[in-house]
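In: Attaching a predicted model along with its sequence, questions to come.
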Number of protein chains: 4
Amino acid sequence: MIKVGILGATGSVGQRFIQQLQNHPWFKLTELAASERSAGKSYHQAVKWFLDEPMPQSVKNMTVKPCDPTQLDCDLVFSGLDAEVAGEIEENFASHDFAVISNSKNHRFDTDVPLLIPEVNPDHINIINHQRKNRGYKKGFIVTNPNCSAIGLVIALKPLHDAFGVKRVFVTTMQALSGAGYPGVPSLDIIGNVIPFIGGEEPKIETETRKLLGDLKNNTFINSDMILSAHCNRVHVQDGHLECASIEFERKPGASDQEMVEAVKKTLAQFTAEPQKLKLPFAPQNPIHITEEENRPQPRADRNTDKGMAVTIGRIRPCNIFHVRFALLSHNTIRGAAGAAILNAELLYKKGFIG
Amino acid sequence: MIKVGILGATGSVGQRFIQQLQNHPWFKLTELAASERSAGKSYHQAVKWFLDEPMPQSVKNMTVKPCDPTQLDCDLVFSGLDAEVAGEIEENFASHDFAVISNSKNHRFDTDVPLLIPEVNPDHINIINHQRKNRGYKKGFIVTNPNCSAIGLVIALKPLHDAFGVKRVFVTTMQALSGAGYPGVPSLDIIGNVIPFIGGEEPKIETETRKLLGDLKNNTFINSDMILSAHCNRVHVQDGHLECASIEFERKPGASDQEMVEAVKKTLAQFTAEPQKLKLPFAPQNPIHITEEENRPQPRADRNTDKGMAVTIGRIRPCNIFHVRFALLSHNTIRGAAGAAILNAELLYKKGFIG
Amino acid sequence: MIKVGILGATGSVGQRFIQQLQNHPWFKLTELAASERSAGKSYHQAVKWFLDEPMPQSVKNMTVKPCDPTQLDCDLVFSGLDAEVAGEIEENFASHDFAVISNSKNHRFDTDVPLLIPEVNPDHINIINHQRKNRGYKKGFIVTNPNCSAIGLVIALKPLHDAFGVKRVFVTTMQALSGAGYPGVPSLDIIGNVIPFIGGEEPKIETETRKLLGDLKNNTFINSDMILSAHCNRVHVQDGHLECASIEFERKPGASDQEMVEAVKKTLAQFTAEPQKLKLPFAPQNPIHITEEENRPQPRADRNTDKGMAVTIGRIRPCNIFHVRFALLSHNTIRGAAGAAILNAELLYKKGFIG
Amino acid sequence: MIKVGILGATGSVGQRFIQQLQNHPWFKLTELAASERSAGKSYHQAVKWFLDEPMPQSVKNMTVKPCDPTQLDCDLVFSGLDAEVAGEIEENFASHDFAVISNSKNHRFDTDVPLLIPEVNPDHINIINHQRKNRGYKKGFIVTNPNCSAIGLVIALKPLHDAFGVKRVFVTTMQALSGAGYPGVPSLDIIGNVIPFIGGEEPKIETETRKLLGDLKNNTFINSDMILSAHCNRVHVQDGHLECASIEFERKPGASDQEMVEAVKKTLAQFTAEPQKLKLPFAPQNPIHITEEENRPQPRADRNTDKGMAVTIGRIRPCNIFHVRFALLSHNTIRGAAGAAILNAELLYKKGFIG
């Protein structure tokens, strides 16, 4: 068993890490780290637990440590740290021989750090040796996962890109409250309301997508030149980001509209990739689940598909302007955060980068 | 004072008609009509009043009549009837010399019926004489207003179309519960949820927009050839449809992106039209209100702008794919239904078609 | 395995029965019955499935039958029928040798029908022989479970009644939307709102409690003379009824207030009864779970305790007027409906009344 | 016109003060004061405005001052300060000759400070001269209004107490989110949920009620000996506290239950008091509004009755344990906070204590 720790263990992503790592077949949670304010307390005392499922018994009395690599006994740390502090702390851990699997945004666009979705760009992990050389890390490294609103969409775009070439994408997101962390959005702001703005979110989707669908050549990331335009909204939903997308391809799939829709549907439904091949524990059986009901996917009904790791797509139909349009749903704190990072760690472990 | 009646007076749009017509300077509400089930009862007994504001005292004891033109004493009827029955009843009233101002969808695409927004296509009312001749109506006629999700958007597109030529539009709507009428959406379907589908809504926006922005020539409607692609969603909001739109113009406004945004903003903010010129009682001072806050418009805060008759637009910014994108908000049961019909009636009255 | 059927299988309680009966160790679901309108269709076609968890694969293609005892092949039927039709249908099934385990209200106060909570009044099942004789049933019988808002409360009152004598109880309920069935409460009625009324609910709690805490002597139910006063409210919650209760005892537990609170807490926490002794599959390990957090129980966090079959109680503190007060939470469609009926069936099976 | 200022002008109660004071016939808003962090900024810059109605034009460019009596030019200050700082600041203003009309809890139980509801205990203002002497204030003084959950209830209890003697009261509150201020309750805590706890709220209702219904004799407050037991809950409502109450009287009103209910209803409906006699601008025409619908009062439909200053009571019916029970609704930030304080100021002005 690989010993793992969590940086930012008391935060909202940290809590999801704890929950998702229960009974993991490869990873054993041995360390919880958080800010100085929490350090020294038992986890139970330090945390305001806000998940609906109860806190696992096993972590209640673990002592929270500071985010100091010299005090943690583990091989791998999952980072759910706030962006204000994540950058430096993560580098510090990597330089102390830890595998750093981060959900934070700080290093996503570093030229030697993979922005990774195992179903999409598993080959990007090959930059790690270059990263180590570049930064003087010996065993350690940093790998990041994308923003919660980008992950679901890019998983859908990947097989379409391979098959038909994705050229341009319009997407409007309706994002869940848990995406803002805790305490996050005040209830008075969102009761009976929608907020048509999420700070920094639109640029994140628009740029991360290009790195994710791009290539790694000679230790350099070459961004895809597809273009994405995003409108991001906060809605009154607990978990699950819903996205409406219209897509233009390089090559129209099928001759008629009906053939096109069938080709797109089949391409999405049949998509499997590296994590499925390797049977990684957190890999969904199929990364994409297709619904045929006319009013799906919906956050409440579809977010937990395949333990929250599958993306659900419905209403696949011709678009008046681009080729196809559809609605897409993914669990923002599982597939979009903690589960994403764990799947990244599983790929890296299986590929020999950890332990 | 013109005597007016309401068809479908117990329904959700009917209730808004009653509320909005209180103290109208030109129109006096004299008749309430509804289905046979309600006919003969006092309004108070017949209705399940669901607006938050109390039922006006003046209608409580009015007797509900059946939707029979021979029993109503008024010149004009507002129709909030269900589409299942609206078609025939409205024709019957028109043939009995009533001005029929309808919010129902049935006659919107009749080749001799105006689909009217007074700020957008006031000249379309000139088909009425043709309609009368065509159908054998003497004094009566039918005029319709568009779907609630189309009205706000088209008011925004109109000045942009005149200035720069609107070519293609992507729009994703997040529509309020009141748009589904009453009882409408079951609470168990929408609590903590979004439904990415509203039956018939996307085709309505896509086609109505083209008639509204089109021309009337030789008693024939020539649709605009602009193209619109819509994704319609139901969200947990009481009133107020929020829409995210991206627009491509024939001619880019301004040389730089900044100039473009400024030109679009100015064009929207300065837009006034026939209802403002005629000082119609329900005309908002400015049809479009611009917000500069980064997180607006929002349903709760902006739906009542100018008594619910103004459209609020914010987040005007360059689009990565088309020219500009923005968020737009309009009150779906005022500007998008009852208020829309009343403004239509005011225009028609002022132009001599009524009374 | 006992073969079981569901009457009202397409309704909201029927759906919960289907879900809860999956993988039951003793009961095998063989029949789905519903109204004539659904009969003959596959379940998948007949139902508007509204639970968040997907419909079990095993029922999708089962054929829905009418509620006719001559067409069903099973020993036991769970009834989730509407009160309008439940009375007669249930009697018809009982007279055709079916064990009828009903969640409907119709027979709850029949003088020869048990109103049963296995933890509270398991001896009431002994009236079944009398019922059979009385009604001319041979193998069949009818047993009912209480209203969803009564069950949780009475489970809490039972051990307190045994220990200290419950004399008077004030209770205010805040009940979930699922308690009203589907489509149930219109979203426009409850968004940002509370409805301080649920038709027929207050009399149900007030009278059912007295039968449940009463005795069965010489085939006659003797109601308890404790008195309860209830205020019932509908709140914006999906599942889980929250209740605030103040209780007056015959005998004050403990000398001081602190001793009293400790005695009440201990009495509740240590309560176990017949279902726990018999290790019935649906029996929670402890019927009552105590929370020490000052702001619990809460519907979202506590409704699923012990698979939704445990009642959670918190904020146990002295009452200014009666002895103690507390907040109580139970899952209204599991512990309060489908799970309740299944536990009833388990007790009856174990006691030899079924099969 | 009396010049007035607001202490804590950027907070949630401060915003309501600004909104409610627009166009007041006697009071002219001349000063806005807040914490050092805001001082010196224009109000528009300093505030995160969160009311749905737009910020009044007149305050946008007012300069926010610190809470320093030497810098404010006005006769009266309304205090919406946080309890952490209100105590000292309010005393400082009173000693600098300001009338301090406070919504904060700090001085509510000072033995020389009135806890005032003009309809309930207007004579309590007579302690002001004693307060001045006691504290060495010359023109200044402090008057407080009760907690938002107490005000509505006590307005209902007052006429009943006068008529029948209120002995014991059970009350369960379902309180709106705005009662917690801004940002207040995190949305993740309350979406689809109820929180059965509000810090410090139950003791406030229980003790404030006794001072409010008590007497002032020889400059000493004699608390009423009625007893109240409260359960306080936070629900998913924007504005409007709903309360379920059961009341025991000294003397049963009427002989039969029906007579009792009628007597209570009549007593409540006919209640008027000092503010109505004096025609104070903020006085509702009738302090209590009775609803006959079986499912009212409701927060959304009833909170704005008489501009949010009337209390709405419905479902008046016999109680199984005490005499009567009913549901009660009042607007927590108008009748329960800003409007309450303004009405207090109006009474004090009319009685010659201000200006």
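Out: Nice, I can see it. Keep in mind it's a predicted model, so treat the numbers as computed, not measured.

In: where along chain A do the strands fall?
Out: Along chain A, counting by DSSP state E, strands occupy A:2-7, A:27-34, A:64-66, A:76-79, A:99-102, A:141-144, A:166-175, A:215-217, A:220-222, A:227-234, A:241-249, A:288-290, A:311-318, A:324-330.

In: quick one: buried residues of the first one?
Out: Within strand A:2-7, the residues that count as buried by 16 or more other CB atoms under 10 Å in any protein chain shown are A:I2, A:V4, A:G5, A:I6, A:L7. Using the backbone N, CA and C atoms, a C-beta is placed for each residue, glycine as well.

In: what sits against the last one?
Out: It stands for A:L7. Neighbouring residues of A:L7 by CB atoms under 8 Å, 6 or more residues apart in numbering or on different chains: A:14, A:33-34, A:67, A:77-81, A:86, A:89-90, A:93.

In: Equivalent analysis for the second one, please.
Out: A:V4 is in contact with A:L21, A:F27, A:K28, A:L29, A:T30, A:E31, A:C74, A:D75, A:L76, A:V77, A:F78, A:A345, counting by CB under 8 Å, 6+ apart.

In: near chain C, which residues of the stretch 1-150 of chain A?
Out: By the rule CB under 8 Å from any CB of the partner chain, the part of the stretch 1-150 of chain A lying against chain C is A:D52, A:E53, A:P54.

In: Most neighbours of all the residues you listed, which one?
Out: A:D52 (17 neighbours; other CB atoms under 10 Å in any protein chain shown).

In: What residues does the closest residue to A:H231 other than its chain neighbours make contact with?
Out: Among residues not flanking A:H231 along the chain, B:C244 sits closest, at 3.7 Å (CB to CB, 6 or more residues apart in numbering or on different chains). The contact partners of B:C244, by CB under 8 Å, 6+ apart, come to A:T172, A:P196, A:H231, A:N233, B:V171, B:T172, B:M174, B:R325, B:F326, B:A327, B:L328.

In: circling back to that earlier point, out of the residues of the stretch 1-150 of chain A next to chain C, which is nearest to chain D?
Out: A:D52 (9.1 Å; CB to the nearest CB).

In: Angles on the backbone of the closest one, please.
Out: phi -70, psi -30 (degrees, to the nearest 10).

In: what sits against it?
Out: By CB under 8 Å, 6+ apart, the contact list for A:D52 reads C:R300, C:A301, C:N304.

In: Looking at the buried residues of strand A:2-7, which one is closest to chain C?
Out: A:I6 (21.7 Å).

In: partners of that closest one in the sheet?
Out: With DSSP bridges as the criterion, A:I6 is bridged to A:L32, A:F78.

In: Tell me if I'm right that it and A:F78 touch.
Out: Yes. If you go by CB atoms under 8 Å, A:I6 and A:F78 touch, sitting 5.1 Å apart.

In: Between the two, which contacts overlap?
Out: A:F17, A:L21.

In: pLDDT wise, what is the residue in the stretch 101-250 of chain A positioned nearest to chain C at?
Out: Relative to chain C, the nearest point of the stretch 101-250 of chain A is A:G192 (4.9 Å; CB to the nearest CB). At A:G192, the pLDDT value in this model is 98.

In: And for A:G355?
Out: pLDDT for A:G355: 80.

In: among the contacts of A:D52, which are in reach of chain A?
Out: Restricting the contacts of A:D52 to those near chain A by CB under 8 Å from any CB leaves C:R300, C:A301, C:N304.

In: Now do the residue nearest to the last one when sequence neighbours are not counted against chain B, distance only.
Out: Among residues not flanking C:N304 along the chain, C:H331 sits closest, at 6.7 Å (CB to CB, 6+ apart). Spatial separation of C:H331 from chain B under the definition CB to the nearest CB, to the nearest Å is 15 Å.

In: Neighbours of C:H331, how many?
Out: Around C:H331 there are 32 other residues, counting by other CB under 10 Å.

In: Kindly report the same for A:G40.
Out: Neighbours of A:G40 (other CB under 10 Å): 12.

In: can you check A:K158 too?
Out: Residues near A:K158, counting by other CB under 10 Å, number 22.

In: A:T209 too?
Out: When neighbours are counted by other CB under 10 Å, A:T209 comes out with 27.

In: got it, and A:I222?
Out: With neighbours defined by other CB under 10 Å, the count for A:I222 comes to 12.

In: Which residue, other than its chain neighbours, is closest to A:I191?
Out: In space, A:I191 is closest to D:Q238, 5.3 Å off (CB to CB, 6+ apart).

In: Revised request: answer the last question for A:E31.
Out: Among residues not flanking A:E31 along the chain, A:G5 sits closest, at 3.2 Å (CB to CB, 6+ apart).

In: again, but for A:L81
Out: For A:L81, the spatially nearest residue (CB to CB, 6+ apart) is A:G8, at 4.1 Å.

In: For stretch A:14-31, list every residue counted as buried.
Out: A:14-21, A:24, A:26-27, A:29-31.

In: which residues are in contact with that stretch?
Out: Counting by CB under 8 Å, 6+ apart, A:1-9, A:32, A:34, A:47, A:49-51, A:53, A:55-56, A:58-59, A:65, A:72-74, A:76-78, A:80, A:281-282, A:333-334, A:337-339, A:341-342, A:345-346, A:349 sit against stretch A:14-31.

In: Recalculate using a threshold of 6 Å.
Out: Contacts with stretch A:14-31, where a contact means CB atoms under 6 Å, 6 or more residues apart in numbering or on different chains, come from A:1-6, A:8, A:51, A:56, A:59, A:72, A:74, A:78, A:80, A:281, A:333, A:338-339, A:342.
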